[in-house]
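K.L.:
Predicted model and sequence follow; I will ask about them next.
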Amino acid sequence: MKIKETPLKDCYILEPTIFEDDRGYFFEKFNEKTFADGTGMNGHFVQDNISKSSYGVLRGLHLQKGHNAQAKLVSCLEGKVWDVAVDLRKTSPTFGKWFGIELSAENKLQFYVPRGFGHGFSVLSETAVFSYKCDNFYSKESEGGVLYNDKDLEIDWKLPENEVLLSEKDKIQALFSEGNF
């Protein structure tokens with residue numbers, strides 16, 4: 001497995017080594033030791049989540065705040081998504097910056113999003129099945145977020161605005177300038 005840095009401090013792309021033959025393929029999806037050696041970070045996860053969404057669905061930007069903050073290792077098991085992380089750590093040199101990457105069943109990439117980041121994705125294929133490995137348990141009281149189309153962030157979600165499908169919660173997330181993260 002190759003671990004690649006991104007322009008955002010502490011965010012990483014995990015690219016598996018894939019062994020293919022006429023029977024199919026095999027790859028190691030995650031190895032805690034390899035992850036820790038490659039990033040210097042704890043790769044211990046306690047909760048796995050799966051979501052299925054149709055084209056145009058945009059989920060985000062979400063985060064867990066305070067002592068319930070979560071790091072996530074995300075991947076797309078079926079279909080294709082545009083995955084985005086925003087550094088919301090006020091003391092970070094990349095505070096307020098975002099990074100996006102296409103995750104798909106075809107490329108089998110994973111994206112590590114550390115605690116203190118907003119995270120979201122938009123579905124670019126007819127449907128997508130998305131996987132989240134989390135290093136802390138979900139807590140409704142600790143939910144936070146930033147409006148997906150905040151003018152201060154200028155995120156390109158790779159979808160026409162008129163095709164974006166949002167939950168009611170995501171339509172009313174806070175503005176980045178409010179700093180409620």
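P.N.:
Arrived safely.
K.L.:
Could you use CA atoms for every contact and neighbour count after this?
P.N.:
Fine.
K.L.:
And the helices in the protein?
P.N.:
32-39, 168-171 (DSSP state H).
K.L.:
and those as a markdown table, adding distance to Ser131, mean pLDDT and mean neighbour count?
P.N.:
Shown next, in a markdown table, are the helices of the chain (distance: least, C-alpha to C-alpha, whole Å; pLDDT from 0 to 100; neighbours: other C-alpha atoms under 10 Å):
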| stretch | distance to Ser131 | mean pLDDT | mean neighbour count |
| --- | --- | --- | --- |
| helix 32-39 | 17 | 94 | 15 |
| helix 168-171 | 19 | 96 | 13 |
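K.L.:
wait, which of these is closest to Ser54?
P.N.:
Ser54 lies closest to helix 168-171 among the helices of the chain, at 16.2 Å (C-alpha to C-alpha).
K.L.:
Report all helices and strands that the closest one contacts.
P.N.:
strand 58-64 (3 or more C-alpha pairs under 8 Å, 6 or more residues apart in numbering; DSSP states H and E).
K.L.:
Give me the sheet partners of the strand it packs on and which way each runs.
P.N.:
Sheet pairing for strand 58-64, assigned by DSSP bridges, gives strand 117-123 (antiparallel), strand 143-145 (antiparallel).
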